[in-house]
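In: structural data only, the sequence is not supplied:
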């Protein structure tokens with residue numbers, strides 16, 4: 001009986017590990033002018049969107065980037081930043097990605113992307129949704 005209680009107590013302490021999920025999805029984008037916010041990951045009822053990172057490829061002048069979550073068309077309602085404004089240098093490539101995430105956005109929110117400035121910008125946004 002003592003062993004059973006010890007196992008139950010151990011499982012209760014490790015249940016937080018289940019909150020970690022793999023970053024197993026991605027969406028590409030390519031913008032030639034400032035746009036947005038535009039929805040890149042649709043909302044799913046009772047699921048959250050988790051930002052996991054990005055890969056950016058650029059040559060020449062680049063647009064800046066902001067990722068947000070929200071509801072309504074193109075995150076127009078309850079818009080909340082996921083990232084600060086990311087300002088990228090010209091003529092570069094950059095990747096930033098994490099393998100797993102815990103809780104991040106509100107349930108039922110979409111992820112949107114906004115580009116600002118002059119130039120072009122393309123890349124991949126990594127995310128999870130559950």
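Out: All right, it came through fine. Treat the numbers as computed from the prediction; the structure is a model and nothing was measured.

In: reduced to three states, what does the nearest residue to residue 38 once chain neighbours are set aside come out as?
Out: What sits nearest to residue 38 in space, not counting adjacent residues and going by Cβ to Cβ, 6 or more residues apart in numbering, is residue 74, at 5.5 Å. Glycine gets a C-beta too; all of them are placed from N, C-alpha and C. Look at residue 74: counting by DSSP: H, G, I helix; E, B strand; the rest coil, its state is helix.

In: check the contact between residue 74 and residue 37; I expect there is one.
Out: Yes: between residue 74 and residue 37 there is a contact under Cβ atoms under 8 Å: 5.2 Å.

In: what touches both of these two?
Out: The contact sets of residue 74 and residue 37 overlap at residue 112 (Cβ atoms under 8 Å, 6 or more residues apart in numbering).

In: strands along the chain, start to end?
Out: 21-22, 25-31, 38-41, 49-58, 64-71, 77-81, 92-97, 100-101, 110-116, 121-129 (DSSP state E).

In: any buried residues in the longest one, and which?
Out: It stands for strand 49-58. For strand 49-58, the neighbour count (16 or more other Cβ atoms under 10 Å) marks 49, 50, 51, 52, 53, 54, 55, 56, 58 as buried.

In: looking at these, which is nearest residue 91?
Out: residue 58 (7.1 Å; Cβ to Cβ).

In: good, we can wrap up now.
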